[in-house]
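*Asks:* what's the 3D shape of this:
(chains A and B)
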Amino acid sequence: MQWETVIGLEVHTQLTTKSKIFSGASTAFGAEPNSQACQVDIALPGVLPVLNKGAVERAIKFGLAVGAKLNRVNVFARKNYFYPDLPKGYQISQFELPIVEGGSLTIQVGDQEKVVRLTRAHLEEDAGKSLHEDFHGMTGIDLNRAGTPLLEIVSEPDMCSAAEAVAYAKALHSLVTWIGTCDGNMQEGSFRCDANVSVRRPGEPLGTRREIKNLNSFRFLEQAINYEVRWQIEQIEDGHKIQQATVLFDPDSGETRMMRTKEDAHDYRYFPDPDLLPVKLDEDWIEAIRAGLPELPQARQLRYQAEFGLSAYDAAALTGTRALSDYFEAVAAALAKADPKLAANWVMGELSAALNKAELDIAGSPIPAAKLATLLGRIQDGTLSGKLARQVFEVMWTEGGEVDAIIEARGLKQMSDSGEVERIIDEVLAANPKSVEEFRSGKDKAFNALVGQVMKATRGKANPAQVNDLLKAKLAG
Amino acid sequence: MSQQTIKQLADLLVGGKTSSVELCQDYLARIATHNPNLNAFISVDAERTLAEARAADAARAAGQAGPLTGVPIAHKDIFCAEGWLTTCGSKMLYNFVSPYDAHVISRFKAAGMPTLGKTNMDEFAMGSSNETSYYGPVKNPWDSARVPGGSSGGSAACVAAGLAPAATGTDTGGSIRQPAALCGITGLKPTYGVVSRYGMIAFASSLDQAGPMAQSAEDCALLLNVMAGFDGRDSTSLEREKEDYGRDLAKPLNGLRIGLPKEFFGAGLSGDTAQAVQAAIDEFRKLGATTVEVSLPNSGLSVAAYYVIAPAEASSNLSRFDGVRYGYRTPDYADLTDLYEKSRAEGFGAEVKRRIMIGTYVLSHGYYDAYYIQAQKLRRLIANDFAEAYKACDVILGPTAPTTAFKLGEKADDPVQMYLSDIYTIAVNLAGLPGMSLPCGFDGQGLPIGLQLIGDYFSEARMLNVAHQYQLATDWHQRTPGGF
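*Replies:* Presented below is the predicted three-dimensional model:
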């Protein structure tokens, strides 16, 4: 039996403002519990909210970056429910008129591109934190996080696999950090995903969805969706109906478990918050924000393909983060002889592999872009072969130092004396008559074996192109 | 005792005839004598008051006195005041000592005006008789068997009885004007947004507005000068040029066009009140004003719209009183839900619970469009009625309340009858307009009658001028109840 999976994501991105969305308290992470909760945040009687303009500015930035409609008049509403970490007994959010509506994000799944539509993005305040450990039989409440500005970004149910959902979440993560509206720190909860998952048979209407809450890593997102999809299919195949519900993912067991069903869902009694006037967006302000937007990942990808001749896949990989992309451009720009493909290969190859291994991001690279460009320049001018360059890279990564000094000190310079190379080729040909025989009888593979032997004999210092040419000439002669 | 106005007290202080300490001691003594019967105050803290009085006297001695420095004032217990018990008339806040000052309080402090105490009020300002207070009803100084009106009943009663020269009040549907009328004093509700709501415990955010309650229009002008002004902590506070609300007091009323809404003089209005208001209209004609009949066709729907919008906002505003962080918490609870349910069931009184339930209902899924949205549409229509009327007149005049003070307990079991005592005042809040009440006579039983003036947006100075000219020509506002 065939099944289709339908997934939509709601992502809470914490905005990068210094103070909270409706008060002047700091949003810095990790402070002593309740040390960053002012009288507004703890909802003393009589206090009132005042909107942080920086949060609105970031929402506009995001809306522009995804080509969405910005609601020139948008409204804050109260979402009413009781919980100890929600001091006012309501969360100030946006309901009927969010600041951002529509827009889309292009994702790359394997070598396929896909456009995921966005439903909306709205501003809201975060709740505090309930701490159930360390308080024997009681619950601790930390209101430092209460009032932290969030932009909740809601997608259409356009994804049909965990892989697509992860690709979307990564693309969104890349975008919001790229434009600087969110720091993207998932451990600290700056980027949290809720996944709405349902399954159906092809051609049938949408199945009943279950919402997996609070997934704070891409791995958990993938695991949770995969588990949930299997579970839902099993349920239906066993003759059960899916009940609309909210579930939590337990990373230890790898399973989702029920939090509440639709029956005990709240009636949030949304209504416009009378303490806050409708937000009116000024055209000049929007245009100023638009003018200040950096070149976006999508635009860069197209430029890399058009100007640099890179594949869509490479272009997408290089624009994974703005820092990586900037690094790549710096390397490419610093090359004496323009060769963006060479720069791309090294940034995505050697450098990315080394970064991954060391669990560093590009900002932590011990090799700055200018040095990498110098190294690549030595390939371009024939001083180094690719293989030798990798050895130099290895030294630069582990010990540091200047490219030319390393080449000199380690004697890694490519052999440029053709007489010396010719002498070695003659020795190799003399020692491998069988390969010569095979080549002459039409086996191309034998040629590669001979090249390998020459390179080995020169301990990798010969220029492979030169070896090729000389060897061909000898064999033809 | 002949009571002295804020203006007179300020003159005495300027002339060195008395000190703030002397004044405060005098008022505190009067409070000690009469409050056990009147119950106008929830909190009195003589030491704190006198410390503020000494500071005011020192400021004066140092040449740093403002126009009202040293003149004491009482504050409705809805305003958070640092170091003061701030109950809002509720058991829910029986132990809440505010750690901060409301904007209004800080303005009076900055003006050097000592706080005489915190006045009694209907619980969370929900009521028209002061009978819903957890701290017991306030008695009307004119007849202690009667209510002072509400919700600012303690403020009205303490001014009427001379326990304070003036007081602050708040008005969501008539809570300054109706008790001012029932106690024979002058009270002003400014245009919505003129006085910051920061630190004023919210009942219905889109309607609440603070204002002065005093013995004359002139005093109200002086006090509004202190209270009004932009506050960045209240998003609905209006950024406007500073104005002197007393600047037009002396202007003659020649050419003033007074609008008389026909809907305010129909069935339901008591005969004595109708007569007193008619006499006031005659007085205004003598002062040079002309009258014109106007119509507020949707005003009859204002009570209905109000009792959707105000409870809706209140149901959400009062959610923060959950027994978790401050205020009343039930002593015994099994779990979180039990904590919430019991704390709120025990901490709130019947009227507050009634309004929370109404508000929760009208905001519920499936009812929101039928009630809340419809009520908001009515609100717009009501505001349009006023806009239309102001094309033909400068100020609207009518009764403040349909009757004079009623007996304690008379309407306590009939919420709808109680709600109707605000029938002439509520539309003003829905439209966000300024309104005031001033004394215009007495009924057959010697109870004061209030005259209501309703102005266009930001016309407080003009209204105060109209009221002041009337008070120069009459002495209703100078009459005081016997026994004080």
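
*Asks:* can we go C-alpha only for contacts and neighbour counts from here?
*Replies:* Will do.

*Asks:* give me every residue that touches A:Ser78.
*Replies:* If you look again at residue A:78, you'll see it is Arg, not Ser. A:90-94, A:269-273 (C-alpha atoms under 8 Å, 6 or more residues apart in numbering or on different chains).

*Asks:* Also within reach of chain B: list those from these.
*Replies:* Restricting the contacts of A:Arg78 to those within reach of chain B (C-alpha under 8 Å from any C-alpha of the partner chain) leaves A:90, A:269-271.

*Asks:* Mind checking which of the contacts of A:Arg78 are in strands?
*Replies:* By the criterion of DSSP state E, membership of the contacts of A:Arg78 in strands covers A:90-94, A:271-272.

*Asks:* Pretty sure A:Tyr168 sits in a helix.
*Replies:* Yes. Counting by DSSP: H, G, I helix; E, B strand; the rest coil, A:Tyr168 is part of a helix.

*Asks:* May I have the residues that are in contact with the residue nearest to B:Phe79 when sequence neighbours are not counted?
*Replies:* Leaving aside its chain neighbours, B:Phe79 sits nearest to B:Met200 (4.6 Å; criterion: C-alpha to C-alpha, 6 or more residues apart in numbering or on different chains). Neighbouring residues of B:Met200 by C-alpha under 8 Å, 6+ apart: A:45-47, B:78-80, B:102.

*Asks:* Which member of those is positioned nearest A:Ala37?
*Replies:* Of all the contacts of B:Met200, the one with the least separation from A:Ala37 (C-alpha to C-alpha) is A:Val47, at 13.0 Å.

*Asks:* That closest one: which element?
*Replies:* For A:Val47, there is no host helix or strand (DSSP states H and E).

*Asks:* and what of B:Val292?
*Replies:* Using DSSP H and E, B:Val292 falls in strand B:290-294.

*Asks:* next structured bit after that strand?
*Replies:* Criterion used, DSSP H and E; the element after strand B:290-294 is helix B:302-317.

*Asks:* before we move on, what SS does the nearest residue to B:Leu433 once chain neighbours are set aside have?
*Replies:* The shortest distance from B:Leu433 to any residue other than its chain neighbours is 4.8 Å, reached at B:Thr191 (C-alpha to C-alpha, 6+ apart). Assigned with three-state DSSP, B:Thr191 falls in the coil class.

*Asks:* contacting residues around B:Thr191?
*Replies:* Contacts of B:Thr191 (C-alpha under 8 Å, 6+ apart): B:209, B:432-435, B:457-458, B:460.

*Asks:* ok, back up a step: just checking: what are the partner strands of the strand holding B:Val292?
*Replies:* strand B:257-261 (parallel) (DSSP bridges).

*Asks:* list the contacts for the residue of the stretch 51-200 of chain A found nearest chain B?
*Replies:* Scanning the stretch 51-200 of chain A for the residue nearest chain B gives A:Lys88, at 4.4 Å (criterion: C-alpha to the nearest C-alpha). Contact partners of A:Lys88, counting by C-alpha under 8 Å, 6+ apart, are A:42-43, B:317, B:319-320.

*Asks:* Chain B contacts on chain A?
*Replies:* Going by C-alpha under 8 Å from any C-alpha, the residues of chain A near chain B are A:43, A:45-50, A:80, A:82, A:84, A:87-90, A:267-271, A:274-277.

*Asks:* and if we set it to 6 Å?
*Replies:* A:45-47, A:50, A:88-89, A:269, A:274, A:276 (C-alpha under 6 Å from any C-alpha of the partner chain).

*Asks:* Would you convert these into CSV that also reports pLDDT?
*Replies:* Output for the residues of chain A next to chain B, formatted as CSV (pLDDT from 0 to 100):
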residue, pLDDT
A:Pro45, 98
A:Gly46, 98
A:Val47, 98
A:Val50, 98
A:Lys88, 98
A:Gly89, 98
A:Arg269, 97
A:Pro274, 98
A:Leu276, 98
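
*Asks:* could those residues go into CSV alongside distance to B:Gly70?
*Replies:* Listed next are the residues of chain A next to chain B as CSV, based on distance: C-alpha to C-alpha, whole Å:
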residue, distance to B:Gly70
A:Pro45, 28
A:Gly46, 27
A:Val47, 28
A:Val50, 34
A:Lys88, 37
A:Gly89, 41
A:Arg269, 48
A:Pro274, 36
A:Leu276, 36
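
*Asks:* Buried among those residues? Make that a PyMOL selection.
*Replies:* Entered in PyMOL, the line below selects the buried ones among those, by 16 or more other C-alpha atoms under 10 Å in any protein chain shown:
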select buried, chain A and resi 45+46+47+50+88+89+269+274+276
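
*Asks:* Out of the residues of chain A next to chain B, flag the one nearest to A:His173.
*Replies:* Distances from A:His173 to the residues of chain A next to chain B, taken by C-alpha to C-alpha, are shortest for A:Val50, at 28.3 Å.

*Asks:* give me every residue that touches the closest residue to chain A within the stretch 251-400 of chain B.
*Replies:* Closest contact between the stretch 251-400 of chain B and chain A, by C-alpha to the nearest C-alpha, is at B:Arg320 (4.4 Å). By C-alpha atoms under 6 Å, 6 or more residues apart in numbering or on different chains, the contact list for B:Arg320 reads A:88-89.

*Asks:* Repeat that for B:Pro415.
*Replies:* Neighbours of B:Pro415 in contact, by C-alpha under 6 Å, 6+ apart: none.

*Asks:* mind listing the helices for the stretch 351-484 of chain B?
*Replies:* Secondary structure of the stretch 351-484 of chain B (DSSP state H, counting those that start in this stretch): helices at B:374-389, B:415-420, B:426-431, B:460-473.

*Asks:* Lowest mean pLDDT across those, which one is that?
*Replies:* Of all the helices of the stretch 351-484 of chain B, helix B:415-420 carries the lowest average pLDDT, namely a mean of 85.

*Asks:* hmm, back to that, if we take the contacts of B:Met200, which one ends up nearest to B:Thr236?
*Replies:* Of the contacts of B:Met200, the one sitting nearest to B:Thr236 (C-alpha to C-alpha) turns out to be A:Val47, at 12.7 Å.

*Asks:* I'd say the closest one and B:Ile201 touch.
*Replies:* No. Counting by C-alpha atoms under 6 Å, A:Val47 stays clear of B:Ile201, with 7.7 Å between them.

*Asks:* Please identify the most buried of the helices of the stretch 351-484 of chain B.
*Replies:* Comparing the helices of the stretch 351-484 of chain B by mean neighbour count (mean count of other C-alpha atoms under 10 Å in any protein chain shown), helix B:426-431 ranks first with a mean of 26.

*Asks:* right, is that helix up against chain A?
*Replies:* No. Applying C-alpha under 6 Å from any C-alpha, one finds helix B:426-431 separated from chain A by no less than 12.9 Å.

*Asks:* I'd like to know which of the contacts of B:Met200 is nearest to A:Arg440.
*Replies:* A:Val47 (91.5 Å).

*Asks:* I believe B:Arg329 is in a helix; please confirm or correct that.
*Replies:* No. Applying three-state DSSP, one finds B:Arg329 to be coil, outside a helix.

*Asks:* Could you give the number of residues near the residue lying closest to it once chain neighbours are set aside?
*Replies:* Of all residues beyond its chain neighbours, the one nearest B:Arg329 is B:Gly323 (4.4 Å), with distances taken as C-alpha to C-alpha, 6+ apart. Residues lying near B:Gly323 (other C-alpha atoms under 10 Å in any protein chain shown) number 20.

*Asks:* what does B:Leu9 give?
*Replies:* 23.

*Asks:* tell me which element it falls in.
*Replies:* helix B:6-14.
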